[in-house]
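Trainee: Could you look at this predicted model? Sequence included:
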Amino acid sequence: MAGTAEVLSSIEPVIGTNYSVLVPNQRGMDDVLRLLSGDSPPPVTEIAVFTAATDGFAKANTNVTIAESLARLAPVVRSALDAGLRVRGYVSVIITCPYAGRVDPRKVRDVSRELLQMGCYEVSLGDTTGAGTPASVRAVLEEVTKDIDISLLAGHFHDTNGTALANIQTALGLGMRTFDASVGGLGGCPYSPGATGNVATEDVVYGLTGEHSYGDVGEPVSDTHTIQGPIWDLGPISLASLAETVADDDAAEGSTSHTGRPQSRPDADTDSTPGGRKKLTKEQKKAQRGANKGRRFGKVRDELELCWRIANGTICEHGTDCRFTHDVGAYLSAKPRDIRFPPASALRDTPPFVVSAEPLLQETETEGPSLDFGTTCVCFEEAGECRVGLKCRYLGAHAHRDENGAVTSVVDEEKKSRIALTTTELNHVSPETLKMIRTKKYPTPISDAYLKEAEASGNTGGETDITAVQDDATGDVTNEHTGDIVTKRTGDTHFQVDTPDVPMRFSEKKRLHWTGKTYLAPLTTVGNLPFRRLCVSLGADITCGEMGLATSFLNASREEWSLVRRHPSESIFGIQLAGNKATTMVPTAEILGKEFASGIDFVDINCGCPIDLVFRTGSGSALLDAPGKLGKMIVGMSKALGEIPVTVKLRTGVKDGRNTAHKLMPRLSSDWGAGCITLHGRTRQQRYTKLADWDYIRQCVEAVRARETNEGLAPVPIFGGGDCFSSQDYWEKIEGTGVDGIMIGRGALIKPWLFTEIKEHREWDISSRERLEHIRKLAEYGLSHFGTDTAGVNTTRRYLCEALSFQYRYIPIGLLERLPARINERAPAFKGRDELGMFESG
C-alpha cells in the first residue's frame, strides 16, 4: 500500500513487538518482499490479509467477490509463508453489512475456515460497523467455533454504539483471548458510513484490569496506578496476557502460553544498538522465560466431514440443508485408513517398542480402503458402543456390512447395559440449563436471599460478623418453564422456597474423613479427566477438577462447564472455583449443588493461585489479604451447597517474609465452616521457586488444633503441599507436621505411580516397560474421554504430549547415588538402563 516503505523506514524497533504489514494483493506482497531483501530490511515479521463475510462489502472494498478475494489471497499467503513470514487473516462485517444487512454467521465460519486452511495462524473477526451486541457476538462465535477452535480466533470490535467492551467481555467468556484495539479509538472504515474507530486501547486495558491514566503507550502516568511488566504488544494489540485464564496449582513451574505471541529476538537482552533495540527489563526477561511459549493447538478435522447423526445411524432433521455430507460411501473413500491402538501385550523394551502381531485386514479399494478389521476401538471395547459411529478412526473394530452392502456401526447391547454405570462419565449439563444460566433465568433463591441479607446488614466484604446473615428469605421465580426444567433435572420441587426453617449448621454438614487418603491436586491443562483416571488407577483417593472461574460458569462457558466432568472411578471428587466476589461465587456454588448434588463431594475455593492475571482481579492468592471477603464466600457457598462441604486451598501468604496463614487458618473452619484446609508451603511471591516451608505448615496446623481444642470443635482435615516426590518424603512430612495428608501436584505429573509408592510404603524402581504401559493407559483413557474420531485422536495426542513434557524428567532410582530423589534436583547427562528408558527420558 502507498506509504508503507516510508512508514517502516521511520520505525524505531522495540524488542518483543510484532510489526505487521497490510497486504491486499500479490503486488503488495512483492513490494514487501522487495523491502525485506534490501540492505536495511524493516522489522516486519508478519503480513495481514483481509476479506469480508458478504459479497457486497468485498466488492465495495476490493472490487471482487468473496470467492474471488480468497482466490487472490491464496498465492499471497503462500509467498509470505515461503519467505518465513506469519500471516494473520481478517474478516470484515461479521455482524451487519452496510450493503447486505444482517450477516449469516455460517458465512463468517466458512470464510474464516478458508483463511485458516490457506495458512493463516489466526483470524480476526471484525465488527466493522460497530453494530454488534453481546447477544449477536455470542451467536456468531458459537456458530464459528463449531468448526474452528476459539484459540485460532481474535476479536476486532468497533465502538460505534459503545458496546465494544461488552462484546469483548462476551468473547472472553467464550474463550477468546486476543483482541485488536487502537490507541485513542482512532480509525474507521470508508466503506462503513457512520462507523467509528476500533475500540480504544486504554478503554480495553481499563475494562480488564481497572488501570487508567496513561500517557505514551505503555507508560503509566500516575504513581498510584503502575502495572508490573509489559501491558500489551503493538500491532495487533494482544490482550491475551490480561485475559488468559491460567489456573492455579502445582501444574507447572510457571504458565504455558498458547497465545501465539511472537518470540523474542536472539539479541533480546543485549544493550541498546544503533538499530534501536533496548535492553529488556527484569520483568520482560521473566515473562519470556519458559518452554513452549508460542504453541498453538488447532482442531484437526476430516477432509470430508460426515454428519454426526448419519454417522450414528439416525436421521438428520436438516436433510439436504445440512452443512455436512450424508454420503457415507464418499466419506469412507476420503477417510484416512484406520489406525491401531496397541494392547499391553504389544509393548516391548527394545526397538521398535510397540509390535503388532496381527496382519492388516484391510478391505479392497472398491469396498472401502479406509477400513481395517484387525484394529480395536477403545470406546467399543470399554462400553460396547462407539459414540462417534462411522467417524471413528478405529471403525473396523465395530463396522458391519448389512444385506445391502452399507457399512454400519454395531452395538454390543449386552456389554453396554452391563457396564454402563462403570464407564459413563458423570456431571453432564444440558443445553437447556446452559441457556438458562446464560440468560440469567436459572433460579438461585438461596444465593439471592444470602446476598440480599448481606447487603442489608452492610456487610460488603469487611470484617463484620458474616455469620449473622440469616437465611429467612425466599427466591422469586416467575418463569414456569424455567422451573419445570430445573425440577426435571435436579428433582428439586421446592426451588422457590429453598431454605429450611432451621438453617443447616456446620456440625450438621457432611464431614470429610480424609485422614490417610492420598489427594491429587487440581492441575492446569494436564489435570484433565484422563490423567486423573490414571492416577486413581495408581492409588489416588481424592481428585479435584481443574480450576474454573465463577464468572465463566455464570456466562455458561462450555469450556468451563466441561471441567466438572467426573469418571465413575473417582470415588471422592470435587470442583475448584476461583473468584473475587461472593456475588459470583455463591450463585455458581448453588447451581453446581443443584445440578450435581450426587456428582460432587466437595467444592474447593482457590486462594492460592499466584498468576498475575488472577491475582490482579482480586482472586486466587489475593484473597489471603481479604479475609472478610473470603469468609463471606465460604459462608454463602456453604448455605448454597447444602450438605456438600466447602474446602479452601491457600498459600502461606502473599509476600516473602510476611506469612499470614497462621492467622487465617484457625478462622476458616471455626468461624466460617470450611470442611477441609489445604496449605501450600510457599508464598504467592515465591510461586514455584525455592523449597516449600514445612516448618511453617506445622505451626499453622498447631494453631488450628489449639483453637479446636479450646472451643471443643471436631478436628477439620488439614492437608499440606509442596515438593513431595517420594513415599519416604510423604510419610516423614505427615509425621513431622501433623497434617492429615499431602496434596500432590508436580510429583504426580513426573511420576504418576507416586500414589502406589505411598500406599505401599516403598520406592518403586519402575521399569521402562511399566512406564510405557502407563503412557498407553493414559492414551487409552484420553480416547475414551475425548473420542475416537479425528478431532478426539488429535486432542488425545496433544494432552499426551503435555503429560510427557513432565514425565520425561523422571530419573530411574537405580541410577541415583542416594535415595530418595528430590523434585528440585536436576540430574546431569546420563545413560539409561535400556533404549526404551532413554527414549522416555527425551
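Mentor: Sure thing, it's come through. Just so it is clear, the structure is predicted and the values come from calculations on it, not from any experiment. Numbers count the residues shown, from 1 in each chain.
Trainee: From what I see, Asn198 and His158 are in contact.
Mentor: Yes: using CB atoms under 8 Å, Asn198 makes contact with His158 at a distance of 5.6 Å. Every residue, glycine included, has its C-beta placed from N, CA and C.
Trainee: Spit out the residues that contact the two alike.
Mentor: Residues within reach of Asn198 and of His158 at once, by CB atoms under 8 Å, 6 or more residues apart in numbering, are Ala164, Gly187.
Trainee: A helix includes Gly837, no?
Mentor: Yes: inclusion of Gly837 in a helix is indicated when DSSP: H, G, I helix; E, B strand; the rest coil is applied.
Trainee: ok, the nearest residue to it once chain neighbours are set aside - contacts?
Mentor: Here the nearest residue to Gly837 in space, its sequence neighbours aside, is Ser768; by CB to CB, 6 or more residues apart in numbering that works out to 3.8 Å. Taking CB under 8 Å, 6+ apart as the contact definition, Ser768 lies against Asp349, Pro812, Gly832, Arg833, Asp834, Leu836, Gly837, Phe839, Glu840.
Trainee: isn't Glu305 right up against His326?
Mentor: No: in this structure Glu305 lies outside contact range of His326 using CB under 8 Å: 10.8 Å.
Trainee: returning to what we had before: top of the contacts of Ser768 by neighbour count?
Mentor: Top of these by neighbour number is Gly837, holding 23 neighbours under the definition other CB atoms under 10 Å.
Trainee: May I have the secondary structure class of the residue lying farthest from the centre of the chain?
Mentor: Most distant residue from the mean C-alpha position of the chain: Glu403, 46.1 Å away (CA atoms, centre = their mean). Taking three-state DSSP as the rule, one finds Glu403 in the coil state.
Trainee: Show the pLDDT at it.
Mentor: The pLDDT attached to Glu403 in the predicted structure is 81.
Trainee: and what of the one 10 residues further on?
Mentor: Predicted confidence (pLDDT) for Glu413: 87.
Trainee: ok, now which ones touch the nearest residue in space to it that is not next to it in sequence?
Mentor: For Glu413, the nearest residue in space outside its immediate sequence neighbours is Gly384; the separation is 7.0 Å by CB to CB, 6+ apart. If you count contacts by CB under 8 Å, 6+ apart, Gly384 has them with Val411, Asp412, Glu413, Glu414, Lys415, Lys416, Ser417, Arg418, Ile419.
Trainee: ok, now with 7 Å
Mentor: Neighbouring residues of Gly384 by CB atoms under 7 Å, 6 or more residues apart in numbering: Val411, Asp412, Glu413, Lys415, Lys416.
Trainee: farthest-separated two in the residues you listed?
Mentor: Among those, the pair separated by the greatest distance (CB to CB) is Val411 and Lys415, at 9.0 Å.
Trainee: gap between the most centrally placed residue in the chain and Glu802?
Mentor: The centre of the chain sits closest to Thr525, judged by CA atoms, centre = their mean, with a distance of 6.3 Å. Separation of Thr525 from Glu802 (CB to CB, to the nearest Å) stands at 6 Å.
Trainee: Looks to me like Val716 is in a strand.
Mentor: No: assessed with three-state DSSP, Val716 is coil; it does not lie in a strand.
Trainee: That one: how many residues sit nearby?
Mentor: The local packing of Val716 (other CB under 10 Å) involves 24 other residues.
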